[in-house]
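Visitor: Quick one, fold the following:
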Amino acid sequence: MAKIDLAKSKNEDEFKLMISKMNHRLEKIYLGGGEAKIAKQHKKGKLTARERIDYLLDEDQPKFEIGAFAAYEMYEEHGGCPAAGVVIMIGSIRGRKCMVVANDATVKAGAWFPMTGKKNLRAQEIAMENRLPIIYLVDSAGVFLPMQDEIFPDKEHFGRIFRNNAIMSSKGIIQIAAIMGSCVAGGAYLPIMSDEALIVEGTGSIFLAGPYLVKAAIGESVDKETLGGATTQSEISGVCDYKLPDDKSCLDTIKDLVDKIGDFEKAGFDRAKPAPPKFDPKELWQLFPVERAVQYDTIEILKRLVDDSKITQYKAGYGKSIICAYARIDGWAVGIVANHRKVVKSAKGEMQFGGVIYSDSADKATRFIMVCNQKKIPLLFLHDVSGFMVGSRSEHGGIIKDGAKMVNAVSNSTVPKISIVMGNSYGAGNYAMCGKAYDPRFIVSWPTARLAVMGGAQAAKTLVQIQTKTMEAKGETLSEKDKEELLKKITERYDKQTTPYYAASRLWVDAIIDPMRTREWISMAIEVANNAPVEKFNVGAIQT
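Guide: Got it, this is the predicted structure:
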């Protein structure tokens, strides 16, 4: 009888509990504004945003949601805004990968909160980077006026969306918009700046100003249908290209339109016949520690993620705190850059801490990133990093210079970069491992992720020391009890800000995923990225 490893069994139980909590939160988010609002939507003869997407996408193909946790636990003073009031999904329509953006009218009538704007911009960014056709299912009351100052005037605010509409059209990226509810004020530009616009009879309407504003502005009394209903905008103004009787007819027409799109140039990433890992991916629940301070062997994690559990390590004996390796995931060739979380001995006989980037590791990763660009191999970054090594020895060895080279390589890389935050992603380590600021095509996290400048304990102790010194300079002192209470308060606040939910609510990551879906996510990301040709990599941009 096989001996049970109690530590692994306990870790698996804790991991599954984290995933269960995540799924429970998602179930609530999927209800949008709640069952009463959904019933109201149905009474009007309208499908909900998620029902529209489900009907539109091919049933037998995987779909991937972007930003389900956007605005999570934000805007509570306004009653909350589940998924930021807009559902964004990547999936297949008649066999073609598309981006679908659907306003959720059950959430504040589909009004735009600041995070709604940020989420829409992220969808457009993904579509532009990967040359994905983008489908807008419009059903929105416009900007949420109490927060208009946070969504209207700045560069990354509401107006940027229409600028992106124009840029995408100029680049030949297909945009199709369906007006399936309200479409008012500045928001009216989005569907009309798309390549083709559809409108649903009876429920769809589009105008720069609604009946009340028209009455107030020019004294004209006019009803919504006459002002901007389906007949007006498709037969009189010619603003819309197709008038449809109901939601399903509208969505069927979109399917037909997508079905006729021709092929464009692809990147040409290498793909072989997919093979499952030899080692069971479910063992990740046992092998990847929920307790973030525990060391583990990252090689064993990789064996549960890659095809046939086979990796070819680059410079295996050098710079051991980062693993660089070639592998395949669902058949796709990938170059993996992963933090090694195991204490190792360098070639010089020095012990190196797991999850820390040393000079030799940064040098190795820099060279590997360059080689992958020259070979046109997509890069996969697996984060569990505490940062770069500090101290006099590292500084004397030029850690800043070597770290800068790695950041430079990541910044100038032209092949698609995909980031998975498995564990810690702290400080400059986040940057070097292609955090959100470095334009990964997709960045997702496991429920075990932590994103911050540094760990909660270190940050809290640092902040307490600073506050203690400040008070001492004023001739005041903190008792040990006061220090303990302050440390606890700061730690609790800081720990909350490092959770994956805090990151996902602000779109620092695109999604929080079950590790069991990691291979599927990576495969989808590369398939989507394969739609866009890769620019030539400038080796001279990296000083080595």
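Visitor: Show me the helices in the stretch 1-150 of the chain, by range?
Guide: Counting by DSSP state H, counting those that start in this stretch, one finds helices in the stretch 1-150 of the chain at the ranges 6-30, 35-43, 49-56, 114-130.
Visitor: Tabulate those helices (CSV), appending distance to residue 519.
Guide: (C-beta placed from N, C-alpha, C; glycine too.) Putting those into CSV (distance: least, Cβ to Cβ, whole Å) gives the following:
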stretch, distance to residue 519
helix 6-30, 16
helix 35-43, 33
helix 49-56, 23
helix 114-130, 19
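Visitor: Kindly list the main-chain dihedrals of residue 326?
Guide: phi -100, psi 150 (degrees, to the nearest 10).
Visitor: ok, now residue 151?
Guide: Residue 151 adopts backbone torsions of phi -130, psi -10, taken as degrees, to the nearest 10.
Visitor: picking that back up, want to try CSV for the helices of the stretch 1-150 of the chain, with distance to residue 63, mean neighbour count and mean pLDDT as columns?
Guide: CSV is the format used below for the helices of the stretch 1-150 of the chain (distance: least, Cβ to Cβ, whole Å; neighbours: other Cβ atoms under 10 Å; pLDDT from 0 to 100):
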stretch, distance to residue 63, mean neighbour count, mean pLDDT
helix 6-30, 13, 14, 95
helix 35-43, 20, 14, 96
helix 49-56, 8, 21, 98
helix 114-130, 14, 21, 96
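Visitor: who wins for proximity to residue 340 among these?
Guide: With Cβ to Cβ as the criterion, residue 340 lies closest to helix 6-30 of the helices of the stretch 1-150 of the chain, at 19.1 Å.
Visitor: helices or strands next to that closest one in the packing?
Guide: helix 284-287 (3 or more Cβ pairs under 8 Å, 6 or more residues apart in numbering; DSSP states H and E).
Visitor: Quick one: find the helix or strand in this structure with the lowest mean pLDDT.
Guide: Every helix and strand of the chain was ranked by mean pLDDT, DSSP states H and E. The lowest is helix 392-396, at a mean of 64.
Visitor: what's the burial count for residue 96?
Guide: The local packing of residue 96 (other Cβ atoms under 10 Å) involves 16 other residues.
Visitor: Report pLDDT for residue 284.
Guide: On pLDDT, residue 284 comes in at 95.
Visitor: Tell me who's in contact with it.
Guide: 301, 304, 305, 515, 516 (Cβ atoms under 8 Å, 6 or more residues apart in numbering).
Visitor: a markdown table for those residues, including neighbour count and distance to residue 457?
Guide: A markdown table is the format used below for the contacts of residue 284 (neighbours: other Cβ atoms under 10 Å; distance: Cβ to Cβ, whole Å):
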| residue | neighbour count | distance to residue 457 |
| --- | --- | --- |
| 301 | 25 | 24 |
| 304 | 23 | 29 |
| 305 | 24 | 30 |
| 515 | 21 | 25 |
| 516 | 13 | 30 |
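Visitor: so which helix or strand takes in the residue lying farthest from the centre of the chain?
Guide: Going by Cα atoms, centre = their mean, the residue of the chain most distant from its centre is residue 475, 48.1 Å out. In the assignment (DSSP states H and E), residue 475 maps to no helix and no strand.
Visitor: Let's see the pLDDT reported for it.
Guide: The model's pLDDT for residue 475 equals 79.
Visitor: try residue 349
Guide: Looking at residue 349, the pLDDT reads 66.
Visitor: Could you do residue 405 as well?
Guide: On the pLDDT scale, residue 405 gets 92.
Visitor: Export stretch 159-166 to CSV, keeping only CA atoms.
Guide: The C-alpha trace of stretch 159-166 is given here as CSV (Å, rounded to 0.1, in the frame of the first residue of the first chain):
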residue,chain,number,x,y,z
GLY,A,159,-12.3,58.7,-26.0
ARG,A,160,-9.4,56.4,-26.5
ILE,A,161,-11.9,53.7,-27.5
PHE,A,162,-13.0,55.6,-30.6
ARG,A,163,-9.4,56.4,-31.5
ASN,A,164,-8.7,52.6,-31.4
ASN,A,165,-11.7,52.0,-33.6
ALA,A,166,-10.1,54.2,-36.2
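Visitor: got a list of contacts for that stretch?
Guide: 117, 120-121, 124-125, 128, 152-153, 175, 186, 189-190, 193-194.
Visitor: got those as TSV, with distance to residue 399 columns?
Guide: Output for these, formatted as TSV (distance: Cβ to Cβ, whole Å):
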residue	distance to residue 399
117	39
120	40
121	35
124	38
125	33
128	36
152	44
153	42
175	46
186	49
189	49
190	47
193	48
194	49
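Visitor: closest to residue 49 among these?
Guide: The closest of these, once distances to residue 49 are taken by Cβ to Cβ, is residue 120, at 13.1 Å.
Visitor: I'd like to check which residues are in contact with that closest one.
Guide: 86, 88, 101, 161.
Visitor: farthest-separated two in those?
Guide: Between any two of the contacts of residue 120 (Cβ to Cβ), the greatest distance is 13.0 Å, for 88 and 161.
Visitor: to the chain's geometric centre, what's the distance from stretch 365-383?
Guide: 21 Å (Cα atoms, centre = their mean, to the nearest Å).
Visitor: any weak-confidence spans in the stretch 201-350 of the chain?
Guide: For the stretch 201-350 of the chain, the stretches with pLDDT under 70 are 349.
Visitor: That one: strands as residue ranges?
Guide: 205-207, 242-244, 312-313, 322-329, 332-339, 344-345 (DSSP state E, counting those that start in this stretch).
Visitor: Please identify which of those is closest to residue 439.
Guide: strand 332-339 (15.3 Å).
Visitor: now the angle between strand 322-329 and that closest one, please.
Guide: Going by axes from the mean of the first three to the mean of the last three Cα atoms, to 10 degrees, strand 332-339 is angled at 160 degrees with respect to strand 322-329.
Visitor: how about low-confidence regions in the stretch 401-544 of the chain?
Guide: 455-456, 539-544.
Visitor: Quick check: residue 471 vs residue 465, distance?
Guide: Counting by Cβ to Cβ, to the nearest Å, the gap from residue 471 to residue 465 is 11 Å.
Visitor: Tell me the one of the contacts of residue 284 nearest residue 406?
Guide: For those, the nearest to residue 406 is residue 301 (21.3 Å; Cβ to Cβ).
Visitor: helices or strands next to the helix or strand following the least confident helix or strand of the chain in the packing?
Guide: As assigned by DSSP H and E, the chain's next helix or strand after helix 392-396 is helix 399-412. Applying 3+ Cβ pairs under 8 Å, 6+ apart, we find helix 399-412 packed against helix 359-375, helix 427-432.
Visitor: Residue 138 is nearest to which of those?
Guide: helix 427-432 (35.6 Å).
Visitor: gap between the closest one and the chain center?
Guide: 17 Å.
Visitor: which residues are contacting it?
Guide: The contact list for helix 427-432 (Cβ under 8 Å, 6+ apart) reads 339, 356-357, 362, 365, 383, 385-388, 403, 406-407, 410, 437-438, 451-454.
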